[in-house]
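Enquirer: No sequence on hand, only this structure:
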């Protein structure tokens, strides 16, 4: 990947090479991170549930910092369904001047034509949005700032200048590389299309239960993608190209933001954190998007850069979770940690990347029909139990030996040699996630 700015930030940070989300989809993951609580505790497992309905007394990260004298500023994709009341200052970036989801005139004309058809058919709400969805990818030869993330970065830089003389907690929520994969042509040009191929494991993991799979409806909602069955190879390669381009596009915006921090004299007294809210499949396991318990969906980038020489730049393979961020920030800023936090402060690892640490990270994902997959990552494997919510009975299991199968292509849960380890992992899964 062409990501010079994230690479540079990583070289100045503690890089957590094995960091995991608590549920591999936007809203539940973000609510977990910003409350320090697992999805079972927040009650948020989908994109519809409002966390203030389920945990009205929870103290979010911006609330906590605001209560201790910080100006808190949020913009972009933060809580997913934005909670305006959580911030000292919320900046709506959904209506930035000149910014549109798509920039090619032919794409805009096609979408407008679909809108007219939809109106004639009387479609409204979700039906209207589905009917008028644009393509899954777009390459446009236009300036960066005609797309949301670049325009938002410019606004973020302005805000930095306004708040630099006071204590601030600021979240800049980049939308990319989320679908649709839209970015200026210069970022597409960083990659040779002829060299892009579909993943080697473009197949369902062997012996994996069907409940563990997903039909990638998120991608199918875009025009040009079949409602059923696989995408053709050429479309798959264009999608992968678009994903690469959007990653490099957002990398450039992160570079601009970091440059502004330095220009405003803030690098020496500001903690910088970069994370993703879930992983992503671009054809691996013959699937797209997220929505599983597989390693590729639950593992995320996670960097913490501090201004203190005693916390040196390094990398660690310790198993950490995004809900660890809340108590970590409390420790780094000498704030009390709310009792609601279920993660662990990463300060020991920031001091020593080889410090003793837990052997487990946990994730979960619900399926239709009242089934939930509970997953535990150990240093050597991933074990998942699919359970009925009604009876708690195990209906399927998965075990992937990461020593010999790091891409999780072969479920060996039925192999006798793994039964003892699976029993051990089942005990910790029940103790620390399912029945907690």
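Expert: Great, that's in hand. This structure is a prediction, so every number in the text was calculated from the model and none was measured.
Enquirer: From now on I want contacts and neighbour counts done on CA atoms only, so please keep to that.
Expert: OK.
Enquirer: how about the closest residue to residue 215 other than its chain neighbours, what does it touch?
Expert: For residue 215, ignoring the flanking residues on the chain, the nearest one in space by CA to CA, 6 or more residues apart in numbering is residue 287 at 7.2 Å. Residues near residue 287 by CA atoms under 8 Å, 6 or more residues apart in numbering: 202, 214-216, 281.
Enquirer: ok, so what distance separates residue 287 from residue 199?
Expert: 11 Å (CA to CA, to the nearest Å).
Enquirer: looking at the sheet around the residue nearest to residue 89 when sequence neighbours are not counted, what are its partners?
Expert: Of all residues not flanking residue 89 in the chain, residue 73 sits nearest, at 4.8 Å (CA to CA, 6+ apart). Counting by DSSP bridges, residue 73 forms beta bridges with residue 89, residue 170.
Enquirer: Surely residue 73 touches residue 86?
Expert: No - if you go by CA atoms under 8 Å, residue 73 and residue 86 don't touch, sitting 9.4 Å apart.
Enquirer: Neighbour count: these two, which is higher?
Expert: residue 73 (22 against 19; other CA atoms under 10 Å).
Enquirer: Model confidence score at that one, please.
Expert: In this model, residue 73 is scored at 96, pLDDT.
Enquirer: now it: how far from residue 91?
Expert: Looking at residue 73 against residue 91, where the rule is CA to CA, the gap reads 7 Å.
Enquirer: tell me, which helix in this structure spans the most residues?
Expert: With secondary structure taken from DSSP state H, the chain has its longest helix at helix 233-263.
Enquirer: Other residues contacting whatever helix or strand comes next after that one?
Expert: Counting by DSSP states H and E, the next helix or strand C-terminal to helix 233-263 is strand 272-275. Identification of contacts with strand 272-275 by CA under 8 Å, 6+ apart yields 300-306.
Enquirer: mind checking the SS state of residue 372?
Expert: For residue 372, the secondary structure call by DSSP: H, G, I helix; E, B strand; the rest coil comes out as strand.
Enquirer: Residue 170 reaches residue 73, doesn't it?
Expert: Yes - counting by CA under 8 Å, residue 73 is a contact partner of residue 170 at 4.7 Å.
Enquirer: what do those two both touch?
Expert: Residues touching both residue 170 and residue 73 (CA under 8 Å, 6+ apart): none.
Enquirer: just to revisit the earlier point, filter the contacts of residue 287 down to the buried ones.
Expert: Burial by neighbour count, judged by 16 or more other CA atoms under 10 Å, picks out 215-216, 281 from the contacts of residue 287.
Enquirer: Now pLDDT, distance to residue 249 and secondary structure too, for those, in TSV please.
Expert: Formatted as TSV, the buried ones among the contacts of residue 287 follow (pLDDT from 0 to 100; distance: CA to CA, whole Å; DSSP: H, G, I helix; E, B strand; the rest coil):
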residue	pLDDT	distance to residue 249	secondary structure
215	92	28	coil
216	93	24	coil
281	98	19	strand
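Enquirer: Packing partners of the longest helix of the chain?
Expert: In this structure, helix 233-263 packs against helix 4-11, strand 137-140, helix 148-163, strand 181-184, helix 185-188, strand 281-282, with contacts taken as 3 or more CA pairs under 8 Å, 6 or more residues apart in numbering; DSSP states H and E.
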